[in-house]
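Asks: model this:
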Amino acid sequence: MAYYKDLRDYLKTLEERNKLRTVRKRINKDTELAPLVRWQFRGLPESERTGFLFEDVTDIKGNPLNCRVATSIIAPSREVYALAMQCEGSGIHERWREAYQHPHPARVVPTGPIKEEIHRDKTLLSHNGLYEFAIPMATNGWESLPRMTAVCWITKDPDTGIRNVGTYNGYLLGPLRGNMRCSTHSDIVIHWRKCRARGIPLPAAAVLGPVPAVCMVSVTKLPYGTDELSIAGGIAGEPIDVVKCETIDVEVPASAEIVLEGEIPTDFQEEDPASGEHTGYVIIDNMVNAFQIKCITHRKNPIWHDFISQLPPSESSNIRGIGTEELMRNFLVNHCGIAQVKDVAFHHCAGGWRLCVVRFQDIGGTRTHSTTIWQTLTATLSLSVEYPKMVIAVDEDIDPWDLESVFWAVTFRYMPHRDTKIIQGRSAALDQSSGSYALDKNEMIFPTSRVSPEGASAILMDATRKWAYTPVALPKRHYMERAREIWEELGFPTLRPSEPWHGIFLGLWPEKYQRQADLGERGEFEQVAKELMSGQRKL
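Replies: Residues are numbered from 1 along each chain as shown. Alright, predicted model coming up:
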């Protein structure tokens, strides 16, 4: 099956799978849209979350806009994320592995749907620039401007010409003016600094509404020098068609909905307004880069693509976490050579980045040695100075995506004084726990890892068993499997088993207790009782 030809093709699939809520009622993008979608992340289980398509949108002044809005369409849930990858939920990580192993470089084509309308030079403001589009407010009541959330920013390394695709927030500041906020460790900052050294602005294309694979690689922090569009082609199983921009030397997806061509100045920065972030808090007191628009191209009747972010769980915490899971697992297994790593999980509650759980598997019946576990835990901090903040090692019988299972292991397989390491010298972008706000010349300074010479810190926790344990206190597997058959015969709700879902032998089970259990399985209860009473001891 060929991959989606464009965003609209993908939306049809969501609709067919009942994973798209199309809203035809007139909706105010500045006061109603984000709160409406946000409710599904505060009031529905993940299995019931869907994408949204708003077809009749106005601005805060009541002006109708000839632009639809698609939001929460890539990752409201793992099920929808799998649809975006064209695979089953269990195949998400395998699809990522294939993309890394078999990338498809982008293919330059003469033109595409993105060129249906071109506004440049004298016609640049013929449709009022950015005001043509339905750019929503995001964190209503705290933010002061409409926010561009799902932008795939495409820039090139001025030395090598290798493209980078990254998702960074930006605000609408005027018909031809926006901004772009990213951390100092983002790949685009390297491009910006190289251009600054040359005394020139950084050419950049802000892409809205490409095929889902492009959004996925844009959010995932791949190693510097990776052409993300080739990895997107790996996800799609075919090259991503790109066209040349009209005014800058950058190529963009040919079937995208909207492309803003422009420059990021390197001789100044400016204040960023308050912004809700993936940490779950409103961020203030930032300096950001300006974005000056030179050309706008878009499809007819365009769709503005928006991410739902802010307090987790959110779409951004899901899309960020899922993509990073296979990135980290691939790094640990294939680059660090740690074959005992089975799975890596990142969690909503930590914004999709900050809490990482690594599940280990025994190879050849041999327990993973503690030195390998600590090598792995330490290695997880090598991908970025920003994430993860907490890393927990667990055994194979623990589901790393189920925090109830993880913290059962933390409670009963982990001892704080013995199984903990604190690593200093980390970054803590947007993390208010790194320090309090400070006054410097009567100006507020947002806390960062620079508040102390040691920087911020990360915690590594070994929650694996250090020796043999008695069995997991659940009925053995064959009893649970028979009970599940009865459950399904009775028409009870569909089960989603949590691990462990049956009793497991963990190395410590004296023969006496197994013999008594065997008697119990045969119904010879009197014999068991006789044995127990024969062992009476006088006090």
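Asks: So for the lengthiest strand in the chain, what gets flagged as buried?
Replies: Determined from DSSP state E, the single longest strand within the chain is strand 286-298. By neighbour count on 16 or more other Cβ atoms under 10 Å, the buried set for strand 286-298 is 286, 288-298. To be clear about C-beta, it is placed using only N, CA and C from the backbone, and glycine gets the same treatment.
Asks: secondary structure class for Ala458?
Replies: strand (DSSP: H, G, I helix; E, B strand; the rest coil).
Asks: Count the residues that sit near it.
Replies: By other Cβ atoms under 10 Å, the residues close to Ala458 number 23.
Asks: now the helices: where do they sit in the stretch 301-450 of the chain?
Replies: In the stretch 301-450 of the chain, the helices defined using DSSP state H, counting those that start in this stretch lie at 315-330, 370-379, 403-413.
Asks: what angle do the second one and helix 315-330 make?
Replies: When you say that, I think you mean helix 370-379. Angle of helix 370-379 versus helix 315-330, following axes from the mean of the first three to the mean of the last three Cα atoms, to 10 degrees, is 140 degrees.
Asks: contacts for helix 370-379?
Replies: By Cβ atoms under 8 Å, 6 or more residues apart in numbering, the surrounding residues in contact with helix 370-379 are 331-332, 336, 338, 340-341, 358, 360, 391, 393, 421, 423, 460-462, 464, 466.
Asks: Would you mind writing the CA trace of that helix as PDB?
Replies: Output in PDB follows, covering the C-alpha atoms of helix 370-379 (Å, rounded to 0.1, in the frame of the first residue of the first chain):
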ATOM      1  CA  SER A 370      24.600  -4.800  37.000                       C
ATOM      2  CA  THR A 371      27.600  -3.200  35.100                       C
ATOM      3  CA  THR A 372      25.600  -3.500  31.900                       C
ATOM      4  CA  ILE A 373      22.600  -1.900  33.500                       C
ATOM      5  CA  TRP A 374      24.600   1.100  34.800                       C
ATOM      6  CA  GLN A 375      26.400   1.400  31.500                       C
ATOM      7  CA  THR A 376      22.900   1.600  29.800                       C
ATOM      8  CA  LEU A 377      21.500   4.100  32.300                       C
ATOM      9  CA  THR A 378      24.500   6.400  31.900                       C
ATOM     10  CA  ALA A 379      24.400   6.100  28.100                       C
END
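Asks: Go through it and flag the buried ones.
Replies: Within helix 370-379, the residues scored as buried using 16+ other Cβ under 10 Å are 372-373, 376-377, 379.
Asks: Spatially, what comes nearest to Asn28 if we skip its sequence neighbours?
Replies: Thr58 (5.4 Å; Cβ to Cβ, 6 or more residues apart in numbering).
Asks: no, scratch that, I was asking about Pro239
Replies: That would be Arg107: by Cβ to Cβ, 6+ apart, it lies 3.9 Å from Pro239.
Asks: Next, the contact list for the one you found, please.
Replies: Taking Cβ under 8 Å, 6+ apart as the criterion, Arg107 is in contact with 239-242.
Asks: next one: Arg163
Replies: Counting by Cβ under 8 Å, 6+ apart, Arg163 has contacts 106, 154-156, 227-229, 250-251.
Asks: can you confirm Arg42 is in a helix?
Replies: Yes - under three-state DSSP, Arg42 sits within a helix.
Asks: how close does it get to Thr50?
Replies: Noted for Arg42: a distance of 15 Å to Thr50, by Cβ to Cβ, to the nearest Å.
Asks: Between those two, which has more neighbouring residues?
Replies: A count of neighbours by other Cβ under 10 Å puts Thr50 above the other of Arg42 and Thr50, at 21 against 10.
Asks: Run the chain-centre distance for stretch 320-329.
Replies: 7 Å (Cα atoms, centre = their mean, to the nearest Å).
Asks: Closest to the centroid, which residue in this protein?
Replies: Arg320 (1.2 Å; Cα atoms, centre = their mean).
Asks: That one is in contact with Thr220, isn't it?
Replies: Yes - look at Arg320 against Thr220 with Cβ atoms under 8 Å: they come within range, at 7.5 Å.
Asks: so Ala106 touches Pro239, yeah?
Replies: Yes - with contact defined as Cβ under 8 Å, Ala106 reaches Pro239; the gap is 5.8 Å.
Asks: anything in contact with each of these two?
Replies: With Cβ under 8 Å, 6+ apart, Ala106 and Pro239 have common neighbours Gly233.
Asks: Give me the domain ranges for the chain.
Replies: Following automatic domain parsing, one finds the domains of the chain at 7-306, 315-462, 477-534.
Asks: what's the closest residue to Pro253 other than its chain neighbours in contact with, if anything?
Replies: Nearest residue to Pro253 in three dimensions, chain neighbours excluded: Pro210, at 4.0 Å (Cβ to Cβ, 6+ apart). With contact set as Cβ under 8 Å, 6+ apart, Pro210 has these partners: 7, 152, 240, 253, 255-257.
Asks: rerun at 7 Å
Replies: By Cβ atoms under 7 Å, 6 or more residues apart in numbering, the contact list for Pro210 reads 7, 152, 253, 255-256.
Asks: Same check on Asn66?
Replies: Residues in contact with Asn66 (Cβ under 7 Å, 6+ apart) are Asn301.
Asks: Next: Tyr10.
Replies: Tyr10 touches 4, 84, 211-212, counting by Cβ under 7 Å, 6+ apart.
Asks: Name only those of those that count as buried.
Replies: With burial judged by 16+ other Cβ under 10 Å, the buried subset of the contacts of Tyr10 is 4, 84, 211-212.
Asks: so which of those comes closest to Ile264?
Replies: The shortest approach to Ile264 among those belongs to Val211, at 24.8 Å (Cβ to Cβ).
Asks: measure that closest one to Ile322 for me?
Replies: In terms of Cβ to Cβ, Val211 sits 17 Å off from Ile322.
Asks: one step back: which one (most neighbours) among the contacts of Arg107?
Replies: Going by other Cβ under 10 Å, Ile240 tops the contacts of Arg107 with 28 neighbours.
Asks: Could you report the distance from it to Pro105?
Replies: To Pro105, Ile240 is 9 Å away according to Cβ to Cβ.
Asks: list the residues that contact both of the two?
Replies: Gly233.
Asks: that older thread, I'd like to know which of the contacts of Tyr10 are part of helices.
Replies: With DSSP state H as the criterion, helices contain 84, 212 from among those.
Asks: Which pLDDT value goes with the residue nearest to Pro253?
Replies: Among the per-residue scores, Pro210 shows a pLDDT of 98.
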